[in-house]
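K.L.:
below: sequence and its predicted model.
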Amino acid sequence: MKLIHTGDIHLDSAMKTNLTKEKSKQRNNEIILTFMKMVNYAKENGVTAILIAGDLFDTKNVTVKTVNLIKNCIEENPSIDFLYLKGNHDNYDSLYEESPENLKLFSGDWKTYSYGNVKITGAQLNSSTKGKLFSSLILSKDDINIVMLHGQEANYRGKDNTEIINLKELKDKYIDYLALGHIHTYKEEALDLRGRYCYCGCLEGRGFDEYGEKGFVLIDTSSGKAEIEFIPFAQRTVHLVPVDITGLETTSEVDKKVQATLENIDSKDLVKVALEGSVSLDSERDLGYLNTKYQNDFYAFKIEDTDIRLKINMEDFYYDTSLKGEFIRLVMGENLPDGRKRRIIEAGLKALAGEEPER
């Protein structure tokens, strides 16, 4: 049989940090359509069940339109089961009221759905049950065991408050495939000698921190094992593009390097350019100009000084009695990170030159 492992879809996200209100609405519609397209893929490829490993919704503020579209999509595909395990963002419950028969839910205790010798077991983690939950997981070594959870690895530190999954506690329990949700980047590694664990990532990148290929995992158990394949599926890709500007002195030179780097990226995608390298104290680059130039060339565009280092020879300023020399000596003598020193010096030199520092 075939299964799909997906999660972290985050329907009805705000997405207002880097997108206009109109584009935010458009991206939300695109994410819904990508979900529906995935369901159609499942129907055309004989998929028995779609495993949603948490965070189908982004917050409790979900539009009636979105709920109706998702519910109708599930109802109109009765040959496919939707096994949905709530994540830390899933605070919306109306979908479960009078839910379709093929929508299968999990609770705080282990629950198993059987498809012949394929057993899909899952539970919602919470602070009161997780300590005893892992030790209470009992699986048969003769089955193909797929386990669903939503949370972060013990050695992973994310910005969201979610439960920790200690993978060591899940070893040697006859798990063939551990379907995880919460991390938005695809990751697949060995759990133990028998099984693998996998974060499917998200279906669509929503912000500049969700770069790279996005899609879902196709699981095939026809060989008697859980064989997996990552299927890229996003309508748009978010690109993080590092550009080394070492030795470049002007906005024009930086622009030429950026333009050459971006020439093979599709205009429908989202792009963040991260400038890096070492530049002289007298170099200039206007990020506002570059943002304006490229903002209409892509669906969304952003350029930042991510890792720029100033080449400053302090010997040149030891005996410099100018205000510029005094200022540079003062900043370089402070116990501050190099990046912050650079930003202070650049802002100060612009102010001394009568220019308005960038914010």
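P.N.:
Nice, I can see it.
K.L.:
so Lys311 sits right up against Gly277, yeah?
P.N.:
No. If you go by C-beta atoms under 8 Å, Lys311 and Gly277 don't touch, sitting 10.1 Å apart. No exception for glycine: its C-beta is placed from N, CA and C like everyone else's.
K.L.:
more neighbours: which of those two?
P.N.:
Between Lys311 and Gly277, Gly277 has the larger neighbour count (other C-beta atoms under 10 Å), namely 16 against 12.
K.L.:
Arg309 is in contact with the more buried one, correct?
P.N.:
Yes. Using C-beta under 8 Å, Gly277 makes contact with Arg309 at a distance of 7.3 Å.
K.L.:
check contacts around Phe230.
P.N.:
Taking C-beta atoms under 8 Å, 6 or more residues apart in numbering as the criterion, Phe230 is in contact with 186, 188, 213, 215-218.
K.L.:
7 Å instead?
P.N.:
186, 215, 217 (C-beta atoms under 7 Å, 6 or more residues apart in numbering).
K.L.:
confirm the last one sits in a strand?
P.N.:
Yes. Counting by DSSP: H, G, I helix; E, B strand; the rest coil, Val217 is part of a strand.
K.L.:
just give the nearest non-adjacent residue to it, would you?
P.N.:
Counting by C-beta to C-beta, 6 or more residues apart in numbering, Val217 lies nearest to His5, which is 4.1 Å off, once chain neighbours are set aside.
K.L.:
what helix or strand does the one you found sit in?
P.N.:
Assigned by DSSP states H and E, His5 falls within strand 2-6.
K.L.:
partners of that strand, with directions?
P.N.:
strand 47-52 (parallel), strand 215-220 (antiparallel) (DSSP bridges).
K.L.:
between those, which one is closest to Ser322.
P.N.:
Minimum separation from Ser322 across those (C-beta to C-beta) falls at strand 215-220, 57.2 Å.
K.L.:
angle of the very next helix or strand once past that closest one against strand 215-220?
P.N.:
Later in the chain than strand 215-220, the nearest helix or strand by DSSP H and E is strand 227-232. Strand 227-232 and strand 215-220 meet at an angle of 150 degrees, taking axes from the mean of the first three to the mean of the last three C-alpha atoms, to 10 degrees as the criterion.
K.L.:
how about strand 227-232: buried residues?
P.N.:
Neighbour counts over strand 227-232 (16 or more other C-beta atoms under 10 Å) mark 228, 230-231 as buried.
K.L.:
and the contacts of the next helix or strand after that strand?
P.N.:
Remark: after strand 227-232, the chain's next helix or strand is strand 238-244, criterion DSSP H and E. For strand 238-244, contacts defined as C-beta under 7 Å, 6+ apart pick out 205, 208, 210-211, 257-258, 261-262, 265, 269-277.
K.L.:
please redo it, this time with the cut-off set to 6 Å
P.N.:
By C-beta atoms under 6 Å, 6 or more residues apart in numbering, the residues outside strand 238-244 that reach it are 205, 210-211, 257-258, 261, 265, 269-277.
K.L.:
any idea which helix or strand comes after the helix or strand of the chain with the lowest mean pLDDT?
P.N.:
Least confident helix or strand of the chain, by mean pLDDT, DSSP states H and E, is helix 130-133 with a mean of 74. Next in sequence after helix 130-133, counting helices and strands by DSSP H and E, comes strand 144-150.
K.L.:
now do that next one against strand 2-6, angle only.
P.N.:
20 degrees.
K.L.:
what does strand 144-150 contact?
P.N.:
Residues from elsewhere that reach strand 144-150, judged by C-beta under 6 Å, 6+ apart: 51, 53-54, 85, 87, 117-122, 139, 165, 174-182, 221, 226.
K.L.:
now the buried members of the residues you listed.
P.N.:
51, 53-54, 85, 87, 118-122, 139, 165, 174-182, 221, 226.
K.L.:
what about those residues, which are in strands?
P.N.:
Judged by DSSP state E, strands contain the following of the buried ones among the contacts of strand 144-150: 51, 118-122, 165, 177-181.
K.L.:
pull out the CA atoms of the strand holding His5 and give them to me as PDB.
P.N.:
Provided in PDB are the C-alpha atoms of strand 2-6 (Å, rounded to 0.1, in the frame of the first residue of the first chain):
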ATOM      1  CA  LYS A   2       1.000   3.600  -0.500                       C
ATOM      2  CA  LEU A   3       0.700   6.400   2.100                       C
ATOM      3  CA  ILE A   4       1.500  10.100   2.100                       C
ATOM      4  CA  HIS A   5       3.200  11.800   5.100                       C
ATOM      5  CA  THR A   6       2.600  15.500   5.300                       C
END
